[in-house]
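Chemist: build me a structure from this.
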Amino acid sequence: MSEYDKWLQQKTQLGSMDGFEPLWMPDFLYDFQKHLVEWAIRKGRSAIFADCGLGKTPMQLVYAASERRKSPLRGVVMFEIEKNVPLPASLYLKKSPFPFDKMAVGDSFLLAEGYTRSILSLHVRRYMSLHPETKFITRSIGEEIRCWRIR
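Modeler: Predicted coordinates:
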């Protein structure tokens with residue numbers, strides 16, 4: 001088991017209900033919103049991942065108001081900053097599909113079909129952050145996108 005897997009395992013909350021019974025539920029929420037907010041309040045440490053247009057803002061406000069009614073210090077959305085959290089291997093060991101490491105200054109390649117300029121830009125930025133001595137630029141030429149190593 002990797003260090004990241006161990007860290008992640010200690011963060012699991014499966015089955016725990018660390019919250020409290022809802023103290024207030026307004027009538028303006030739809031039934032599905034009430035159900036999600038009640039669940040989140042009972043769960044305690046939770047997140048509501050609702051799609052666009054499903055009313056995340058009113059659900060968050062009701063959740064925060066309930067937390068505030070329970071305790072004046074609760075209901076403020078805060079982030080816990082954790083130090084030395086191991087990065088999952090897949091995020092930093094994944095090989096780029098682009099030939100940056102084989103390119104000399106002045107070399108270029110055309111973006112292959114199936115890739116977008118934003119994907120290429122993401123990989124360029126990532127590669128340059130790991131190899132600060134290099135620099136690449138991308139340009140659209142008609143319908144094609146080309147990437148050059150310039151340093």
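
Chemist: and stretch 48-60, what's its mean pLDDT?
Modeler: Across stretch 48-60, the average pLDDT comes to 91.

Chemist: and what of stretch 117-125?
Modeler: When pLDDT is averaged over stretch 117-125, the result is 89.

Chemist: cool, stretch 129-140 as well?
Modeler: On average, stretch 129-140 scores 92.

Chemist: tell me the buried residues in that stretch?
Modeler: Going by neighbour count (16 or more other Cβ atoms under 10 Å), the buried part of stretch 129-140 is 134, 136. Quick note: C-beta positions are derived from backbone N, CA and C, even for glycine.

Chemist: lowest-pLDDT helix or strand in this protein?
Modeler: Ranked by mean pLDDT, DSSP states H and E, the helix or strand of the chain with the weakest confidence is helix 89-92, at a mean of 56.

Chemist: any chance of the backbone angles for the residue of the chain positioned farthest from its centre?
Modeler: Within the chain, residue 106 marks the point farthest from the mean C-alpha position, 35.2 Å out by Cα atoms, centre = their mean. According to degrees, to the nearest 10, the main-chain angles of residue 106 amount to phi 100, psi -20.

Chemist: is it in contact with residue 148, as I believe?
Modeler: Yes - proximity of residue 106 to residue 148 meets the contact threshold set by Cβ atoms under 8 Å, at 7.3 Å.

Chemist: mutual contacts of the two, please.
Modeler: Residues touching both residue 106 and residue 148 by Cβ atoms under 8 Å, 6 or more residues apart in numbering: none at all.

Chemist: where do the helices of this structure begin and end?
Modeler: Secondary structure of the chain (DSSP state H): helices at 3-10, 31-43, 56-70, 89-92, 117-130.

Chemist: got the domain ranges for the chain?
Modeler: Domain segmentation of the chain under automatic domain parsing yields 3-70, 95-149.
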